[in-house]
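Participant: Predicted model, plus sequence, below.
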Amino acid sequence: MNKKRNVAVSVAAAVLSGVLVYGIYALQLRQAESKDMVRVVVPKRFIAAGERIGATDLAYRSIAKSAVREDMVMEPGEADGWEAVVPLGAEEPLLKWKLDRFRLLPDQSQSTFQIPRSYVLSVSNGIRAGDLVVLYVSGEADSSTRLFGKPVKVASVKSAANTEVDDSDQSNLLSLANGDKEQMYASRRDANAMIDYINLNLTEEQWLQLDELCKRGERKLVIAFSPESLNAVDQALGEQP
């Protein structure tokens, strides 16, 4: 009887010893793995292009240190208040080039105005959101003149169906975010629709001047693409978080 009891005790001791050894091994392995992991910022949910990102939309995720890239966002505060240039997948590490601050929003001295269709004589088909455009005033009784000394920014270009006019396969904003001037040019050759409405970021003084010139119907706007739009690539890269 004592012999059986001793055997049972020995077996139990061996099992407990094995469990203890395995537990210590698992703990050491987890500690070793944690040393090789780094926390990065990820969206909690899908975020559409053009959507403003808040700190509550973000969370941390641990990834292998070897997978960390220099352009990954490490703290939620770095992306709080920024705009998604491209769609952001849930739980995907957030990259700085996918963000921009107020790219299409007016500055403190401006507002976004939709230009009435009756004010427009022509608009360049290659214009996209984020571009700079030059405005000219044309009338039968007067010679054509340039309206403002500097180009103005396009907030959006919409189709009759109220969809953003852009290249469906490679958007202009994505090309701008990537700093790819060649693709920015190529994206203007194809579009998902014709431009029906255009929104511009103007100061109050600019809008009042434009409205006064065009509201009687005697003069109309010619909206032309400015090559200065391509210079925005370097500016965008310099303003990344």
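Facilitator: Happy to help now that I have it. Numbering: from 1, shown residues only.
Participant: Give me the below-cutoff pLDDT ranges for the protein.
Facilitator: For the chain, applying pLDDT under 70 flags the ranges 1-19, 21-23, 25-35, 50, 101-103, 173-179, 231-241.
Participant: Now for the closest residue in space to Val157 that isn't next to it in sequence, how many residues are close by?
Facilitator: Nearest in space to Val157, with sequence neighbours left out and distances taken as Cβ to Cβ, 6 or more residues apart in numbering, is Val165 at 4.5 Å. Where you see a C-beta, it was placed from the backbone N, CA and C, and this is true even at glycine. As a burial measure, Val165 scores 21 neighbours (other Cβ atoms under 10 Å).
Participant: so what's the nearest residue to Ser229 once chain neighbours are set aside up against?
Facilitator: Of all residues not flanking Ser229 in the chain, Asp131 sits nearest, at 4.2 Å (Cβ to Cβ, 6+ apart). Contact analysis of Asp131 by Cβ atoms under 8 Å, 6 or more residues apart in numbering lists 153-154, 172, 225-226, 229.
Participant: among the residues you listed, which are in strands?
Facilitator: Residues of these located in strands (DSSP state E): 153-154, 225.
Participant: Which segments of this protein make up each domain?
Facilitator: 36-100, 110-237 (the TED database).
Participant: Next, format these as JSON lines and append distance to Ile24.
Facilitator: JSON lines is the format used below for these (distance: least, Cβ to Cβ, whole Å):
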{"stretch": "domain 36-100", "distance to Ile24": "19"}
{"stretch": "domain 110-237", "distance to Ile24": "49"}
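Participant: Next up, phi/psi of the residue nearest to the spatial centre of the chain, please.
Facilitator: In the chain, the centroid-proximal residue (Cα atoms, centre = their mean) is Val85; its distance is 1.4 Å. Val85 adopts backbone torsions of phi -80, psi -30, taken as degrees, to the nearest 10.
Participant: Looks like it contacts Leu104 (just checking).
Facilitator: No. Counting by Cβ atoms under 8 Å, Val85 sits too far from Leu104 to count as a contact (10.1 Å).
Participant: what about the closest residue to Phe225 other than its chain neighbours, distance to Ser143?
Facilitator: Leaving aside its chain neighbours, Phe225 sits nearest to Ser124 (4.5 Å; criterion: Cβ to Cβ, 6+ apart). In this structure, Ser124 and Ser143 are 21 Å apart, going by Cβ to Cβ, to the nearest Å.
Participant: Settle it for me: which of the two has more neighbours?
Facilitator: For Ser124 versus Ser143, the count of surrounding residues by other Cβ under 10 Å is larger for Ser124: 17 against 7.
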